[in-house]
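Trainee: next one to model:
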Amino acid sequence: RGGAFILQMRSVGLGLAILAGKLARGPGISGKSQILFALVFTTRYLDLFTSFISVYNTVMKVVFLLCAYVTVYMIYGKFRKTFDSENDTFRLEFLLVPVIGLSFLENYSFTPLEILWTFSIYLESVAILPQLFMISKTGEAETITTHYLFFLGLYRALYLANWIRRYQTENFYDQIAVVSGVVQTIFYCDFFYLYVTKGSSVAGTGRCHPFTS
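Mentor: Numbers count the residues shown, from 1 in each chain. As a prediction, the model looks like this:
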């Protein structure tokens, strides 16, 4: 379990590094997706104020939060002049309202922290939709954006492998996390296929057209 966890963290770290490089170059990243991811980490890691597991665990959570909010700042602050706001038009309320409602209806314990944790799990499963919507609207994506999405998908795939292993070795099954993870994986499947089949053909070109025939 520990090995899979380390791989997950490295995958996310690499994805964040690619994102930072992309931000320094120009438009292409959905600021709305990054806002949702920042909200995901904020509501998931509220246990920082209530419990202590280890120094490593605490540092990891703080780094995630810092990266999330620094990314949002870079998009809407430092690089706002190159941010493609005209195409980043997904209506966040279409995701937030049903996710909030579902978090109150389907959770393990009707307590504030548990509801917020459940909210973070549900929201993470759909947080990438504004990014995919932005790509589908423009009909193209720069290569580095597809790499970023690839590593986010890899992060989710490693989580799925970890859940399967935990079920086999510990008989542990988290229904909310698994169902949400499957939903998120479905969103990535088409993109993964296009990344693998067309990604090599755009190497070095700087742009690809993953949502065009």
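Trainee: pLDDT score for Thr42?
Mentor: According to the prediction, Thr42 has pLDDT 94.
Trainee: separation between the residue lying closest to it once chain neighbours are set aside and Thr58?
Mentor: Setting aside the residues directly before and after it, Thr42 is nearest to Leu65 in space (Cβ to Cβ, 6 or more residues apart in numbering), at 6.6 Å. All C-beta spots, glycine's among them, are computed from the backbone N, C-alpha and C. Relative to Thr58, Leu65 is positioned 11 Å away (Cβ to Cβ, to the nearest Å).
Trainee: try Gly28
Mentor: Applying Cβ to Cβ to Gly28 and Thr58 gives a distance of 33 Å.
Trainee: list the buried residues in the helix or strand hosting Phe64.
Mentor: In this assignment (DSSP states H and E), Phe64 forms part of helix 55-73. For helix 55-73, the neighbour count (16 or more other Cβ atoms under 10 Å) marks Met60, Lys61, Phe64, Leu65, Cys67, Ala68, Val70, Thr71, Val72 as buried.
Trainee: likewise for stretch 38-49?
Mentor: Ala38, Leu39, Val40, Phe41, Thr43, Arg44, Tyr45.
Trainee: surely the fifth one is in a helix?
Mentor: Yes. Checked against DSSP: H, G, I helix; E, B strand; the rest coil, Thr43 lies within a helix.
Trainee: returning to what we had before: how far off centre is the following helix or strand past the helix holding Phe64?
Mentor: With elements assigned by DSSP H and E, the helix or strand that comes after helix 55-73 is helix 93-105. Centroid separation for helix 93-105 versus its chain: 17 Å, with Cα atoms, centre = their mean, to the nearest Å.
Trainee: offset the numbering so it begins at 56, please.
Mentor: All set: I'll call the first residue 56, so the last point we hit is now helix 148-160.
Trainee: buried set for helix 148-160?
Mentor: Neighbour-count burial for helix 148-160 [16+ other Cβ under 10 Å]: Leu150, Val154, Leu157, Ser158.
Trainee: from these, pick the one nearest Leu171.
Mentor: Ser158 (7.7 Å; Cβ to Cβ).
Trainee: for the nearest residue to Asn162 once chain neighbours are set aside, grab the count of nearby residues.
Mentor: In space, and not counting its chain neighbours, Asn162 is closest to Thr173: 4.2 Å by Cβ to Cβ, 6+ apart. Per other Cβ atoms under 10 Å, the neighbour tally for Thr173 reads 24.
Trainee: now swap in Thr224 and tell me
Mentor: 9.
Trainee: state the pLDDT value of Lys77.
Mentor: For Lys77, the model assigns a pLDDT of 60.
Trainee: strands along the protein, start to end?
Mentor: Using DSSP state E, the strands found in the chain span residues 196-197, 262-263.
Trainee: by mean pLDDT, show me the worst of those.
Mentor: strand 262-263 (a mean of 49).
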